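A.B. asks: Sequence and predicted structure are below.
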Amino acid sequence: MTAVTEGGWRGWGAAARAALYGPDGFYRRPEGPAGHFRTSVHASPLFAGAVARLLCRVDEVLGRPAVLDFVDMGAGRGELVTGVLAALPAGVAARVRAYAVELAGRPGGLDRGIEWRTEPPEGITGLLFANEWLDNVPLEVAEVDPAGALRRVLVRKDGTERLGAPVTGPEAEWLARWWPLPGGEGLRAEIGLPRDLAWAAAVGTLERGLAVAVDYAHSADARPPFGTLTGFREGRETTPVPDGSCDITAHVALDSCAAACALPGARLLPQRAALRSLGLTGARPPLTLASADPAGYVRALAGASQAAELTATGGLGDFGWLLQPVGIPDVLAD
């Protein structure tokens, strides 16, 4: 962590951590994340239903254990875990031990059967699901200076930036492997090492089962030349200012996260492919249903519209899914 210097300058990692998770941080606000941006969880209950079906597949390959764990990483206000529990068949739900992992306090009205924690439990047998968690794990930003050197970007609470010391050590090694920047003043990269470590630690809590990370993502062959660091406030993208007034997020190098676990079977695919394999196609219901069952047709049409949004190219369907099995086969295999 970069210390605060004279004038309030510090690295983006420390600045974002305080702005998001400090005592007055963005994620401590009563309205929660849903008051500022819309995730797949908020877009449609079909998303939680698909995750519930994924949990059922994991349950089957585990041999239907007496206790089946479901861990919602970065749980917000518990929307996903609540939706998943509601969508599960009764026989499965009766065996599920549910955890919501979030730094903010437990929201009122949450099912008492859901354990609220700041860290995932150890020895999980089941499914750990991290929907838009890694993009909020704070990281440092590097920029090429006029001489072609990579330097850490420092920021003040008002969002003003300047260049700091050269990037060295493990962070420089990460950049060289995963986000090499050619000479060119002003080119930027986000150093994903903290996300690699966070993901490896989360996967390490599984004894057997599946870990899934869903996030805005990019790959080594298509890193954005000026980075992706941005902010969100009240449903709109905004300049990232680390004062607690907005979300601060950056896309995730899911390929480096996958490699950080050093486990077999890691798989990357777009959300549209993952959800289609879980039964969400977005296909319109047949017109014959309109005359045979008008109310059913309207419901099916609404569901198709929601599924289409979750799988849309250029939208939520472009999210990346990183699946990491631990001691089980691929449950999304074609």
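C.D. replies: Structure's in. What do you need? Numbers count the residues shown, from 1 in each chain.
A.B. asks: Endpoint to endpoint, stretch 85-99 covers what distance?
C.D. replies: The first and last residues of stretch 85-99 sit 11 Å apart, counting by CA to CA, to the nearest Å.
A.B. asks: could I get the lengthiest strand in the chain in PDB with only the CA atoms?
C.D. replies: Ordering each strand of the chain by length in residues (DSSP state E) puts strand 206-215 first. C-alpha atoms of strand 206-215 as PDB (Å, rounded to 0.1, in the frame of the first residue of the first chain):
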ATOM      1  CA  LEU A 206     -12.800 -24.600  -1.700                       C
ATOM      2  CA  GLU A 207     -12.300 -28.200  -0.600                       C
ATOM      3  CA  ARG A 208     -14.400 -29.500  -3.600                       C
ATOM      4  CA  GLY A 209     -16.700 -27.600  -5.900                       C
ATOM      5  CA  LEU A 210     -16.600 -24.700  -8.300                       C
ATOM      6  CA  ALA A 211     -15.500 -21.100  -8.100                       C
ATOM      7  CA  VAL A 212     -16.900 -18.600 -10.600                       C
ATOM      8  CA  ALA A 213     -15.900 -15.000 -11.200                       C
ATOM      9  CA  VAL A 214     -18.100 -12.800 -13.400                       C
ATOM     10  CA  ASP A 215     -16.900  -9.400 -14.500                       C
END
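A.B. asks: same question for whatever helix or strand comes next after it, mean pLDDT?
C.D. replies: Sequence-wise, the next helix or strand downstream of strand 206-215 (DSSP states H and E) is strand 230-233. For strand 230-233, mean pLDDT is 93.
A.B. asks: what comes into contact with strand 230-233?
C.D. replies: 36-37, 237-241, 245-250 (CB atoms under 8 Å, 6 or more residues apart in numbering). Yep, even glycine has a C-beta here, placed from its N, CA and C like the rest.
A.B. asks: What ranges in the protein fall below the confidence cut-off?
C.D. replies: 1-6, 31-38, 282-287, 289-291, 293-304, 334 (pLDDT under 70).
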